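Asks: Take this sequence and fold it.
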Amino acid sequence: MKESSSRIISVVVVTAGINDYLKSCLDSIKEQTYPPLEIIVIDNSLNENFAQRIIRSHPTIKLYSSTTNLFYCAGLNKGIDLSKGDFILCLNDDVILDKRFIEEALRGFRLDNKVGLVNGKILRSDRKTIDTTGLSLSLFRIARERGYGLKDNGQFEKAGFIFGVNGAVAFYRKDMLDEIKINSEYFDCDYHFFYEDLDIAWRAKRFDWKAYYNPKVIAYHVRGGSVRKNCGLNRPYARRYLNDELQADLIKNRYLTIIKNESWFGFLLHLPFIVFYDLAVLIYILFFSPRSIKILLSNLKYIKGAFKKRKILTQMKLLRNK
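Replies: Residues are numbered from 1 along each chain as shown. Sure, this is the predicted structure:
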C-alpha cells in the first residue's frame, strides 16, 4: 500500500452555476491541509460567461464546459475520466469542506486496502444540524441518511463501518470505482439525479468493498442547493420541493437500484415494505405531482437496461471469484 505522502487526490465538482455556490466550494478545496493534485470542474451551466468567470477566479483548475446538460452522474463520469488521482472526491458545488477534510479522510482509507468509500460528519450550512453521517439501506430499499436533520450533540462521534456515503460529498478509492464500473460508466447515466450514491455503495458492497465513517471528516452542505427551490433549502421531506421531472427520477432510480443490486431472496423478504412505500408515494404524487406519472411511464425503457446491467454485474462477480 502506498504511503500517505504519495497519495494522489483528485477533486471533481459538478456545477450548474446556481447561486454562486461554486466560489466558496473551490476556496475550501484550495485551503486544504492536504491539497489535491487537481481540481476538476464540470460546468453544466450552459453559460459561457459563467465558465469565463470560473477561469478568471481559479486559473489553475481544470474546467470542462459541456454544450449539453450532462446532469450529475454523467458529469461525475466525465470528471473521473479526466482525473489522475488514486482517490476521487466527488462534490456538489453547494458543499464547503473543513480545511482538514482530505487529511482526515485519508486516515479512513489507510485502515484497510478494502476501504473504498469514506464519509464524514456532514453538517448543514448552519453548522449545527446534521445533514448526514453516511447511508444505511432501509427495509423499504431506500437510502437513509444517518442523523438526517438532527442537532449535532456529539451522538455520532464514534468512527466505524457504514453501508455507504452520501453523494454530495463522496470520497472514493479509484481502484474500487474501476472494479465496479459497468462498461465505461462509474455512475449510471440513466439516473441523472438521486440514488446514484446508494447504487455505488450497494455495488461496492457486492464486490466486498467497505465504507467507513470518520467524524473528524467535516463538511458543510446546503441540502437541496442543486435541485430545490430556495424555499426548500435545508428542509426535510425533500419530495415537496422537487419539480415533476425530479419526482419521476426519484421514483425511477429507486427501482433501477433495486433491480441491479438486490438478491432475489432479499427482494422477496422486503417485498411487503417495498409495496407499502410504493403505495405511499403513489398517493402523494396523485395529489401533488400527477404529471410525474406520465414522465415516469415514458422512462420505462430504463427498466430493461437495468436488468441488462444486473446481468453484467453478475458476470463480473463470477469472473472475479474464479
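
Asks: tell me the domain ranges of this protein?
Replies: Segmentation of the chain into domains, based on automatic domain parsing, reads 4-230, 237-321.

Asks: which one of those has the most crowded surroundings?
Replies: Compared across these, domain 4-230 shows the largest average neighbour count, a mean of 19 (mean count of other CB atoms under 10 Å). Heads up, the C-betas are built off the backbone N, CA and C, glycines and all.

Asks: And the average pLDDT for that domain is what?
Replies: Averaged over domain 4-230, pLDDT sits at 93.

Asks: again with stretch 241-253
Replies: Averaged across stretch 241-253, pLDDT comes to 91.

Asks: what about that stretch, distance to the chain center?
Replies: On the basis of CA atoms, centre = their mean, to the nearest Å, stretch 241-253 sits 16 Å off its chain's mean C-alpha point.

Asks: same thing with stretch 259-271?
Replies: Stretch 259-271 has its C-alpha centroid displaced from the chain centroid by 22 Å (CA atoms, centre = their mean).

Asks: do the same with stretch 145-161
Replies: Centre-to-centre, stretch 145-161 and its host chain are 18 Å apart (CA atoms, centre = their mean).

Asks: same deal with stretch 266-280?
Replies: Distance, stretch centre to chain centre, for stretch 266-280: 24 Å (CA atoms, centre = their mean).

Asks: Ok, stretch 198-206 next?
Replies: Here the centre of stretch 198-206 is set off from its chain's centre by 11 Å, with CA atoms, centre = their mean.

Asks: ok, the strand ranked longest in the chain: who's next to it in the sheet?
Replies: Ranked by number of residues, the top strand in the chain under DSSP state E is strand 210-221. Strands that pair with strand 210-221, judged by DSSP bridges, come out as strand 95-97 (antiparallel), strand 115-124 (parallel), strand 160-162 (antiparallel).

Asks: next structured bit after the longest one?
Replies: Looking back up the chat, that one is strand 115-124. Using DSSP states H and E, the next helix or strand after strand 115-124 towards the C-terminus is strand 130-132.

Asks: next one: the last one
Replies: Following the chain from strand 160-162 toward its C-terminal end, the next helix or strand by DSSP H and E is strand 169-173.

Asks: same for that next one, what does it pack against?
Replies: With contacts taken as 3 or more CB pairs under 8 Å, 6 or more residues apart in numbering; DSSP states H and E, strand 169-173 sits against strand 87-92, helix 101-110, strand 115-124, helix 196-206, strand 210-221.

Asks: Now do whichever strand or helix holds I259: which elements does it pack against?
Replies: I259 belongs to helix 244-261 when assigned by DSSP H and E. If contacts are counted by 3+ CB pairs under 8 Å, 6+ apart, helix 244-261 sits against helix 196-206, helix 264-288, helix 291-298, helix 301-321.

Asks: Tabulate those helices (JSON lines), appending distance to E185.
Replies: Converted to JSON lines, those look like this (distance: least, CB to CB, whole Å):
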{"stretch": "helix 196-206", "distance to E185": "10"}
{"stretch": "helix 264-288", "distance to E185": "24"}
{"stretch": "helix 291-298", "distance to E185": "22"}
{"stretch": "helix 301-321", "distance to E185": "9"}
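
Asks: T257 is nearest to which of those helices?
Replies: Comparison of the helices and strands packed on helix 244-261 against T257 by CB to CB identifies helix 196-206 as nearest, at 4.8 Å.

Asks: which outside residues touch the closest one?
Replies: For helix 196-206, the surrounding residues in contact (CB atoms under 8 Å, 6 or more residues apart in numbering) are 72-73, 76, 116-117, 135, 137, 142-143, 163-167, 170, 172, 176-177, 180, 186-188, 191, 211, 253, 256-257, 260-261, 313, 317.

Asks: switch the cut-off to 6 Å
Replies: Helix 196-206 is contacted from outside by 73, 116, 135, 143, 163-164, 166-167, 176, 180, 187-188, 257, 261, using CB atoms under 6 Å, 6 or more residues apart in numbering.

Asks: How about stretch 143-155?
Replies: With contacts defined as CB under 6 Å, 6+ apart, stretch 143-155 is touched by 130, 132-136, 138, 156, 198, 236.

Asks: what about 8 Å?
Replies: Outside stretch 143-155, the residues that touch it by CB under 8 Å, 6+ apart are 121, 123, 128-138, 156, 162, 164, 166, 195, 197-198, 213, 236.

Asks: what separates that stretch from the chain centre, distance-wise?
Replies: 17 Å.

Asks: distance between the ends of it?
Replies: Stretch 143-155 has an end-to-end distance of 20 Å (CA to CA, to the nearest Å).

Asks: Ok, stretch 141-160 next?
Replies: Stretch 141-160 end-to-end distance (CA to CA) = 22 Å.

Asks: chain center to it: distance?
Replies: Distance of stretch 141-160 from its chain centroid, counting by CA atoms, centre = their mean, is 16 Å.

Asks: cool, stretch 202-212 as well?
Replies: Taking CA atoms, centre = their mean, one finds the center of stretch 202-212 at 15 Å from the center of the full chain.

Asks: on that earlier part again, could you export the helices and strands packed on strand 169-173 as TSV, including distance to L26?
Replies: Converted to TSV, the helices and strands packed on strand 169-173 look like this (distance: least, CB to CB, whole Å):
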stretch	distance to L26
strand 87-92	10
helix 101-110	14
strand 115-124	18
helix 196-206	22
strand 210-221	14
